[in-house]
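> Everything below, folded, please.
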Amino acid sequence: MTQPKRAEVGMPVIQFKKILVPTDFSEASKKAVTYGLTLASQFNAGVIIAHVVPESSALLYTFPTETFAIERDQEQQARREIAHLVPAEYTSQFDIQTIVKTGNIEAELLRMVDEGRVNLVVMGTHVRRYLGRWFLGSVTERMLRKIPVPLLTVSHVDTEQHTIGLVAVKHILYAADLDEASNSGLKYAIEFARASRAKLTVTHIVDHMDRILWGPALIARLQGERAKLVQELKERVNNLVAQVKPADVEIDTAVVEGKPFEKLLEIADERSIDMILINLQSKTMFERAFLGSTAERVVRLARVPVLSIPVTLGH
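Numbers count the residues shown, from 1 in each chain. Below is the predicted model of the structure:
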């Protein structure tokens with residue numbers, strides 16, 4: 001396994017040296033292990049597979065002896081399961097470390113990221129359906145708010161048993177929002193595509209809000225302006241790509257109109273995308289304004305893994 005070559009001076013090389021894959025031994029987290037191993041093979045990275053036993057602090061003072069016994073038993077069971085999680089054919093190929101701890105799941109995972117110098121986290125998302133909407137588990141949502149490194153979420157919406165192995169990532173979709181983060185985000189996407197030997201599609205969605213409220217007269221008057229705006233944005237996207245496009249990565253662009261999260265998902269389906277890359281915006285330095293955003297909806301609804309990139313990367 002060799003690190004991909006830099007094709008151009010000034011192009012950042014992604015440094016994925018440690019990949020953290022939390023697991024609860026569900027089918028979703030097994031799928032996350034598969035993607036963790038796949039990316040480890042592409043970036044010559046080590047893998048940390050971790051399980052956190054939820055602490056039983058609510059019962060600690062009432063039943064201290066029973067609480068410690070339950071947590072100890074759960075840890076022992078987790079150690080047995082995690083030892084046999086990855087097939088032997090892959091344990092011999094990769095630098096794999098396993099961790100089992102008891103504590104607050106979110107806090108322990110964030111501590112592992114910091115203390116283990118983790119560059120990427122891969123999580124399986126437990127998605128449940130309620131009233132026609134998909135909801136992520138609360139741990140994943142909180143991690144997406146606070147995590148300082150890229151997080152790959154692997155949605156699992158079926159009940160098939162997953163066999164851990166390696167997968168091919170042949171076509172990547174990057175959502176460019178054309179703000180100050182787009183240039184560094186695009187360079188990041190290009191490096192990711194190069195390491196995966198994948199084609200890259202760069203898209204921008206033109207959101208004209210709710211045209212139903214405009215009325216026929218306003219729609220007719222603004223039709224020419226809309227067409228002009230779309231053309232200008234196509235040129236901006238093409239120019240952005242032209243500035244940083246290396247010779248060894250195939251890149252095309254797509255500028256379309258509509259609701260951003262809906263169009264991103266449509267493009268992903270139509271073009272048989274294997275992975276979506278999207279920037280995470282920050283409301284403050286301490287907590288990302290994630291809930292209710294385009295990124296949240298894409299992560300919740302996408303049928304393929306979504307790599308969420310903090311906008312501070314490359315700045």
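> which element follows the helix or strand of the chain with the lowest mean pLDDT toward the C-terminus?
Every helix and strand of the chain was ranked by mean pLDDT, DSSP states H and E. The lowest is strand 133-135, at a mean of 38. Downstream of strand 133-135, the next assigned helix or strand under DSSP states H and E is helix 138-146.
> So for that following helix, what gets flagged as buried?
Within helix 138-146, the residues scored as buried using 16 or more other C-beta atoms under 10 Å are 139, 140, 141, 142, 143, 144, 145. Any C-beta I mention is one placed from the backbone N, CA and C, and that applies to glycine too.
> Give the other helices and strands that it contacts.
helix 105-115, strand 120-126, strand 151-156, helix 294-301 (3 or more C-beta pairs under 8 Å, 6 or more residues apart in numbering; DSSP states H and E).
> quick one: low-confidence parts of the protein?
Where the chain drops to pLDDT under 70, the residues are 1-13, 56-67, 126-138, 156-160, 180-182, 208-224, 281-292, 311-315.
> That one: strands as residue ranges?
Counting by DSSP state E, one finds strands in the chain at the ranges 18-22, 46-54, 96-103, 120-126, 128-130, 133-135, 151-156, 171-175, 199-206, 251-257, 275-280, 306-310.
> how about those strands in a markdown table, adding mean neighbour count and distance to residue 236?
Shown next, in a markdown table, are those (neighbours: other C-beta atoms under 10 Å; distance: least, C-beta to C-beta, whole Å):
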| stretch | mean neighbour count | distance to residue 236 |
| --- | --- | --- |
| strand 18-22 | 25 | 34 |
| strand 46-54 | 21 | 39 |
| strand 96-103 | 17 | 43 |
| strand 120-126 | 26 | 29 |
| strand 128-130 | 9 | 38 |
| strand 133-135 | 13 | 32 |
| strand 151-156 | 22 | 28 |
| strand 171-175 | 24 | 14 |
| strand 199-206 | 21 | 8 |
| strand 251-257 | 16 | 9 |
| strand 275-280 | 25 | 16 |
| strand 306-310 | 23 | 20 |
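> between the ones you listed, which gets nearest to residue 89?
For the strands of the chain, proximity to residue 89 was assessed by C-beta to C-beta; strand 96-103 is nearest, at 12.3 Å.
> so what strands line up beside that closest one?
When pairing is defined by DSSP bridges, strand 96-103 lines up against strand 46-54 (parallel).
> can you give me the offset of the strand it pairs with from its chain's centre?
18 Å (C-alpha atoms, centre = their mean, to the nearest Å).
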